[in-house]
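K.L.:
with the sequence up front, the predicted model follows.
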Amino acid sequence: MDHRTAELLPAFALLFGGLVVSGILTLSPRPGHAVMVVFDPRTAVTDAIALVSEAGWLPVAAPRPFIIIARPDALDHPRHPTDAYLLLDARAMSGCLSVDSSSK
């Protein structure tokens, strides 16, 4: 490794760390807000809805069979659903869905 690359390593580490932290803060679900729960693509929509409900969430929509939009149940403190890959803030992820996905 040459001298110039060694000087740039701290800057690259800071840039990468900042991107990771900002991504986590942007996509992390906030208490009381709707979430997007992502399961394995082979998961049936009925199984995904059941797992989301068991974790204390109220399913609202299923734009894809393995993606469930849910809101927290007022009576329970929702948990991370079993077998879910990701639990993301639905408002932050809404731009990633196509316009006609809500009708599927």
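P.N.:
Looks like it arrived, so ask away.

K.L.:
from here on, contacts and neighbour counts on C-alpha atoms
P.N.:
OK.

K.L.:
quick test: name the residue nearest the centre of this structure.
P.N.:
Nearest to the geometric centre of the chain sits Leu88, at 2.1 Å (Cα atoms, centre = their mean).

K.L.:
that residue: which element?
P.N.:
Leu88 is located in strand 86-89, with elements delineated by DSSP states H and E.

K.L.:
and for Pro59?
P.N.:
strand 57-64.

K.L.:
quick one: buried residues of that strand?
P.N.:
Trp57, Leu58, Pro59, Ala61, Ala62, Pro63, Arg64 (16 or more other Cα atoms under 10 Å).

K.L.:
coming back round to it: does the residue nearest to the centre of the chain touch Pro31 like I think?
P.N.:
No - applying Cα atoms under 8 Å as the test, Leu88 and Pro31 come out as separate, 11.6 Å apart.

K.L.:
which residues touch Arg42?
P.N.:
Contacts for Arg42 (Cα atoms under 8 Å, 6 or more residues apart in numbering) come out as Phe66.

K.L.:
I'd like the distance between it and His33.
P.N.:
27 Å (Cα to Cα, to the nearest Å).
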